[in-house]
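>>> whatever this is, show me its structure:
(4 chains, ligands or ions: 6)
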Amino acid sequence: MSVPDTGTAVGTLKFRNPLLLASGILGESAASMVRVYNSGAAGVVTKSIGSESRPGYRNPTVFEFGSGMLNAMGLPNPGIVDFGEVVRKTRASGVPTIASIFGSSPAEFAALAASMQEYGADAVELNLSCPHVEGFGAEIGSTPAMVGEVVKTVRDSVSLPIWAKMTPNVSDVAALAGAAEDAGADAIVAINTVKGMAISAKLRMPVLSHSVGGMSGRAVKYVGLRSVYEISGRCGLPVVGVGGISCGEDVAEYLMAGASAVQVGTAVSEGGPGVFGRIAGELSSFMSSEGFSSIREMVGIARR
Amino acid sequence: MSVPDTGTAVGTLKFRNPLLLASGILGESAASMVRVYNSGAAGVVTKSIGSESRPGYRNPTVFEFGSGMLNAMGLPNPGIVDFGEVVRKTRASGVPTIASIFGSSPAEFAALAASMQEYGADAVELNLSCPHVEGFGAEIGSTPAMVGEVVKTVRDSVSLPIWAKMTPNVSDVAALAGAAEDAGADAIVAINTVKGMAISAKLRMPVLSHSVGGMSGRAVKYVGLRSVYEISGRCGLPVVGVGGISCGEDVAEYLMAGASAVQVGTAVSEGGPGVFGRIAGELSSFMSSEGFSSIREMVGIARR
Amino acid sequence: MHADRLRLVEVEEVVRESPSIYTIRYRDDRPALPGQFVMVWLPGVNEVPMSLSYTGEDKGFTFRPVGETTKALAALEPGAPLGIRGIFGNSFKLTTGSALIVGGGTGIASIIAAVEPFSSKARVHAALGARTADELFFEKRVEESGAVLHVATDDGSRGHHGLVTDVVRKLLESGGIGQVIACGPERMLRGTAVLGREFGIPGQYSVERFMKCGIGICDACSLDGRLVCNDGPVFDGDFLLDSEDFGRYRLAPDGRRVTV
Amino acid sequence: MHADRLRLVEVEEVVRESPSIYTIRYRDDRPALPGQFVMVWLPGVNEVPMSLSYTGEDKGFTFRPVGETTKALAALEPGAPLGIRGIFGNSFKLTTGSALIVGGGTGIASIIAAVEPFSSKARVHAALGARTADELFFEKRVEESGAVLHVATDDGSRGHHGLVTDVVRKLLESGGIGQVIACGPERMLRGTAVLGREFGIPGQYSVERFMKCGIGICDACSLDGRLVCNDGPVFDGDFLLDSEDFGRYRLAPDGRRVTV
Ligand SMILES: Cc1cc2nc3c(=O)[nH]c(=O)nc-3n(C[C@H](O)[C@H](O)[C@H](O)COP(=O)(O)OP(=O)(O)OC[C@H]3O[C@@H](n4cnc5c(N)ncnc54)[C@H](O)[C@@H]3O)c2cc1C
Ligand SMILES: Cc1cc2nc3c(=O)[nH]c(=O)nc-3n(C[C@H](O)[C@H](O)[C@H](O)COP(=O)(O)OP(=O)(O)OC[C@H]3O[C@@H](n4cnc5c(N)ncnc54)[C@H](O)[C@@H]3O)c2cc1C
Ligand SMILES: Cc1cc2nc3c(=O)[nH]c(=O)nc-3n(C[C@H](O)[C@H](O)[C@H](O)COP(=O)(O)O)c2cc1C
Ligand SMILES: Cc1cc2nc3c(=O)[nH]c(=O)nc-3n(C[C@H](O)[C@H](O)[C@H](O)COP(=O)(O)O)c2cc1C
Ligand code: FES
Ligand code: FES
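Numbering: from 1, shown residues only, chains lettered A, B, ... in the order given. Ligands and ions are numbered 1, 2, ... in the order given. Now for the predicted structure:
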């Protein structure tokens, strides 16, 4: 059997394989993103960028456990003004660059997206998991109405593809995706981290300086698969799967659940940027041995 | 230092230690629940009982992975009429018995609670994670309004303590708990399982017959701790912590997050009912070596 | 939990042991003891418990097509994928120098895994019972093991005409039996256990209950608070005879306690 | 990930190495190599990277109280709890028979762990530099290791009056040095690396960057796409001199690229 074609597309964007770097992982400096691309990823999502520079929370900002980790970085970022240099560099190096942005109002998202478009990003990814200033502490992406409003406002301000990234900390993630679709998003990304917290019994206190953080890694793979499955059953947009992917079979599971591409985050802590090359190789072997010649054949086949 | 006192209370109910059997685990037959009690648990929560008997979903109904499991049992239960015999037996054996019930409307919950009161249950636990028939597929316990309505209707129909069990698949679990408190609940139980799904890449299909299931075990401990922490920061009721507890330090972490008692489920698959005795012993040793003489001293000390 | 994890295997062979009995062979190098079982998932159909009739690396389970799952299993071709969980449960133990091992119906599938290894260490009588000769199987494996073979059929089409418990009584009466091991329909098991107690011979009996999780948490297989999947399937005769449930009650899939 | 998991230790001892330098000792049996570091969490305060100045089972790290965390660390009493993550990073390697090992300021804490083992296998010159004699430490450990000790202070209060790079140049000029190893302020490192290249001597230089995760995912410590926590802290001199960032740029905690 001939070598399988691992190329895929998310809407109009084509990728050499389905593996993208997830937001917040090695996505701060252009040099790191170029390295990730050269290590086998098909593209990168930048760290989430806001209007102003933020140093993030004090350490400890990460806590690792057997099957995953918690992080509460506090959205550290240089601010949109300083990030132009980074996006221009990754684009100049030929790296498909999806620019992640966060804000606490639709207008803020729209302004950030416009800057990213100007910098030359291939798409914007909306990180819809931030505290909503006008709300009551709930995340801005936790109701269909809020998601719809943000996406619509961004849609009105930019022409580049809009990827809406979902938080799994909701009762009906498919309804959120539906709202994003109706408002004009081009793709749905799922999932962001699952809210969690670690406590040290001996120290009698939370481990992370921010107490509550986001869980990622192997332990959330089943939550991510479920979210992608539910979303792709309800909404016609391409889905990008994220959460706990660490090997080629994990990627296949996400594709079969309905994803057209995936993102890899926490697994980078296990093998460095080289994980992308390894996972791409494993996916290719899986496809050969299971008789798949293209990614398209796998997308959504676990839906009966 | 003298032997620490592991006794605790949830509202007016006193327990010899903080360890209760979680709902859906060995909670179908009276004999199994008596055995769990004799193995060291301080009380049991029964399987969730509904109005009619249900055989549950076809197998596979469980899927184990490295740090937890998924289940989609489909709420198998003999129906409320046949369950009277079981509750009467556990009570007759002196086992503190919290009767779990599920329904798809407030009235159904109220009727079930009334029967459990008649059977002599020490409390009812409302399993607020079932599909809501009148809603759009969302769980009946996924909005404060729905939770409030169910709790209020049950409150109006029974005098025994009402424990409201929260689903973590929401954006703001503390708001749900607040609604339950306002409606007259006596305690909050958190968490039920985290929605997840396993796919077999080789078989190209979901593993569980119901496709989507609930995640439990070690992998959800951090979600449970976070939920208890958030709830106890917002609501004045006693909290019962559940999720991924498998050793004495896990119990201590939950107590420190704000729980007055805990429930143990999935860990029973690792050591049988004997886990209760083991965990109780570990908790006691932890208390001795860390200088705690009562459970009360630990409750909520991780809140700063 | 590690040992219980799902894995996929391929059907190596589907063997027709008799007109109505099939064995499926598959490769799995996990060690297994006589009397243990696995949860067999036929994708798209169902997952059911099956005792291992072959416990080596070339494993196998043996069944009669009675319902949807077993009929679909019997129709499989080599190469078909199966999901396997387990090795689950406890096992039969040889505790004396002379054992009477009794199998009724598909229960033969379970006890054969004890007959073979125990026959090389002790004097073993193996009594196989079935409704009719067509439902008998593994006689040859018993003979090759060196055990003394006894057969009973309800319709007299092979061996003793009548119940296998008649054979058990006769053997216990002739003396020299140190322990009884049995698997089969619960009525037969109960009859055997009663005889065992009458003659003062300790017994190990493998019982079946409807199973869901297989890992001791769902309570579906509870028998007087013992879990057949985890504490069993092999139980001591005295425990069973003193229990409320044995031979009388079982839990239905919905958890109602119904008569066996 | 297992090796990186958080664990709690107790402070065994707080040693005052000089008026302004402290070492904290704690027990941890994980194997560590010279140049490796740990993330040290002082509960309620902060978590910061610290090189291991003692790599055996009685581990230790050595620091100057410069800010909130290091001041609070210096004030600890034996028995105080610390959270430790790691052993992280790569290490110094002895590749020749004669090494020049250079430590500037608290960088001495890192290179001492190389001086000791390497001196028993090769001819080692150890050059320690500090602003003033009060900030010098571990001279005795260098002498006891058998290495040849050279000292420089900016104010001339001990040893050579001037930069430690002056000493480096002199030693390289006198010849017979096979490799250079160094840790210290980035300006000093750059100066040393430039000298190394001038004399054609391969060098291993340990650099510091602001760190958050310590496990290679947050990008805080990126130096031209290499992660100081994971790919470093020890880098080859040629890589550093050819990089855009070394001696020029670092990422601030908010990710802005600022001058070193
Ligand atoms: C520990 C154990 C070992 C077993 N070993 C064997 C064996 O070696 N050979 C053999 O032929 N059979 C064995 N069985 C029984 C076997 O599991 C059932 O025959 C099989 O499940 C029937 O499924 P079906 O869909 O073909 O029939 P159905 O029409 O579904 O049912 C036929 C019979 O099987 C029982 N059954 C169905 N599903 C289950 C289940 N999940 N758990 C338990 N019983 C079930 C039903 O109660 C009914 O009595 C064993 C059962 C247990 C508990
Ligand atoms: C791999 C590595 C090994 C180190 N080994 C040592 C050592 O052995 N001895 C020693 O004294 N120092 C060492 N440091 C530096 C040490 O981490 C800082 O001195 C310490 O974090 C200061 O914290 P503070 O709160 O006391 O000071 P602050 O007032 O917070 O800062 C003082 C200085 O320390 C830097 N710093 C603060 N936080 C961090 C952080 N999380 N990561 C990196 N730098 C930070 C600041 O940029 C500033 O330059 C090392 C740094 C790295 C990256
Ligand atoms: C350290 C860390 C930082 C993260 N920062 C961001 C971020 O800035 N924006 C965002 O949308 N997601 C962020 N995430 C979430 C990841 O992009 C991803 O959704 C999640 O980690 C699940 O994937 P994984 O299991 O492969 O890590 C972060 C995750 C981690 C672990
Ligand atoms: C097999 C299984 C069945 C369950 N059935 C119920 C149930 O009927 N009602 C309920 O409220 N929770 C049910 N749960 C959830 C548990 O009570 C508990 O909330 C969850 O498993 C987390 O705890 P654990 O990690 O200790 O298992 C079930 C969990 C499992 C694993
Ligand atoms: S089958 Fe679930 S407890 Fe035995
Ligand atoms: S400190 Fe996070 S990547 Fe190095």
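>>> helix/strand/coil for the closest residue to A:Y57 other than its chain neighbours?
Spatial nearest neighbour of A:Y57, chain neighbours left out: A:G74 (3.4 Å); criterion: CB to CB, 6 or more residues apart in numbering or on different chains. Heads up, the C-betas are built off the backbone N, CA and C, glycines and all. Secondary structure assignment for A:G74 (DSSP: H, G, I helix; E, B strand; the rest coil): coil.
>>> tell me the pLDDT of A:G74.
Listed pLDDT for A:G74 reads 92.
>>> so what's the nearest residue in space to C:S206 that is not next to it in sequence bridging to?
Distances taken as CB to CB, 6+ apart place C:C183 nearest to C:S206, at 3.9 Å, with adjacent residues excluded. Going by DSSP bridges, C:C183 is paired in beta bridges with C:G103, C:S206.
>>> do I have it right that C:C183 meets C:I111?
Yes. Under the criterion of CB atoms under 8 Å, C:C183 makes contact with C:I111 at 5.0 Å.
>>> and for those two, which residues touch both?
Common contacts of C:C183 and C:I111 (CB atoms under 8 Å, 6 or more residues apart in numbering or on different chains): C:35, C:102-103, C:206.
>>> which of those lies closest to ligand 5?
Ligand 5 lies nearest to C:S206 out of the shared contacts of C:C183 and C:I111, by CB to the nearest ligand atom, at 14.3 Å.
>>> isn't the closest one up against C:P233?
Yes. In terms of CB under 8 Å, C:S206 counts as a neighbour of C:P233; the distance is 4.6 Å.
>>> what sits in contact with each of the two?
Residues touching both C:S206 and C:P233 (CB under 8 Å, 6+ apart): C:35, C:51, C:110, C:183.
>>> most neighbours among the residues you listed, please name it.
Most neighbours among the shared contacts of C:S206 and C:P233, by other CB atoms under 10 Å in any protein chain shown: C:C183, with 31 neighbours.
>>> hang on, the earlier thing: mind checking how far the residue nearest to C:S206 is from C:A130?
Look at C:C183 and C:A130: by CB to CB, to the nearest Å, they are 13 Å apart.
>>> between the two, which contacts overlap?
Residues touching both C:C183 and C:A130 by CB under 8 Å, 6+ apart: C:104, C:108.
>>> and whichever residue of the stretch 1-150 of chain C sits closest to ligand 3, how many neighbours?
Residue of the stretch 1-150 of chain C nearest ligand 3, by CB to the nearest ligand atom: C:R5 (20.8 Å). Close neighbours of C:R5, defined as other CB under 10 Å, add up to 14.
>>> confidence score at it?
You'll see C:R5 listed with a pLDDT of 90.
>>> ditto for the one 3 residues further on
Model confidence at C:L8, expressed as pLDDT, equals 96.
>>> was I right about it contacting C:A80?
No. Contact criterion CB under 8 Å: C:L8 and C:A80 do not qualify, at 10.7 Å.
>>> find the nearest non-adjacent residue to C:H150, please.
For C:H150, ignoring the flanking residues on the chain, the nearest one in space by CB to CB, 6+ apart is C:A127 at 4.2 Å.
>>> go on, C:G247?
Spatial nearest neighbour of C:G247, chain neighbours left out: C:R190 (3.7 Å); criterion: CB to CB, 6+ apart.
>>> quick one: check the one helix or strand the one you found maps to for contact with ligand 1.
Secondary structure from DSSP states H and E places C:R190 in helix C:186-199. No. Against ligand 1, helix C:186-199 shows no contacts by CB under 6 Å from any ligand atom, the least distance being 10.6 Å.
>>> and A:P60, how many residues sit next to it?
27.
>>> tell me the pLDDT of it.
97.
>>> with A:D5 instead?
95.
>>> C:S20 too?
Predicted confidence (pLDDT) for C:S20: 92.
>>> same check on A:S171?
Reported pLDDT at A:S171 in the predicted model: 88.
>>> mind telling me what element it is part of?
Here A:S171 sits in a region with no helix or strand, counting by DSSP H and E.
>>> which residues does it contact?
Going by CB under 8 Å, 6+ apart, A:S171 touches B:138-139, B:142-143, B:167, B:169-171.
>>> give me the spatial nearest neighbour of residue 146, chain neighbours excluded.
No chain specified, so I'll use chain A. A:I140 (5.4 Å).
>>> switch to chain C, please.
Distances taken as CB to CB, 6+ apart put C:S119 closest to C:G146, at 4.5 Å, once the chain neighbours are dropped.
>>> could you measure from the residue of the stretch 51-200 of chain C found nearest ligand 2 over to C:T106?
Per CB to the nearest ligand atom, C:R85 is where the stretch 51-200 of chain C lies closest to ligand 2, at 46.0 Å. Noted for C:R85: a distance of 20 Å to C:T106, by CB to CB.
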